[in-house]
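> I would like to see how this sequence folds:
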Amino acid sequence: MDRVAVFVDAGYVFAQGSVTFPTVVTKNRKALRPNPLARFELRIGALRVYYEVDEARRVVEIRAVGIKDRDQVIIGGGEIDLS
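Next up is the predicted model:
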């Protein structure tokens, strides 16, 4: 999958309403345990979008987009451990 397409798709999902309440936990959006990557994860099929929220500035910063493969997430060609 082309990395540019992944970011466009993730941006489209945020633009379609997920950004309205980016910290509200849903079936496809969850708060993560403390880790060095991000506080929140958005699930879009096999994609995982990791992001931070600056509520004071009303900004969502996408930190990484990965692909879920069974019990691992691949970001930038390598497996990432968020546990």
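
> who does the helix or strand harbouring A64 pair up with?
For A64, the host element (DSSP states H and E) is strand 59-69. In the sheet, strand 59-69 lines up against strand 47-54 (antiparallel), strand 72-75 (antiparallel) (DSSP bridges).

> tell me which of the ones you listed is the most buried.
Comparing the strands paired with strand 59-69 by mean neighbour count (mean count of other Cβ atoms under 10 Å), strand 47-54 comes out on top with a mean of 18. For glycine as for every other residue, the C-beta is placed from the backbone atoms N, C-alpha and C.

> for the strand holding A64, buried residues please.
Using 16 or more other Cβ atoms under 10 Å as the test for burial, strand 59-69 gives 60, 65-66.

> just the residues you listed now: which is nearest L82?
Nearest to L82, judged by Cβ to Cβ, of the buried residues of strand 59-69 is G66 at 9.6 Å.
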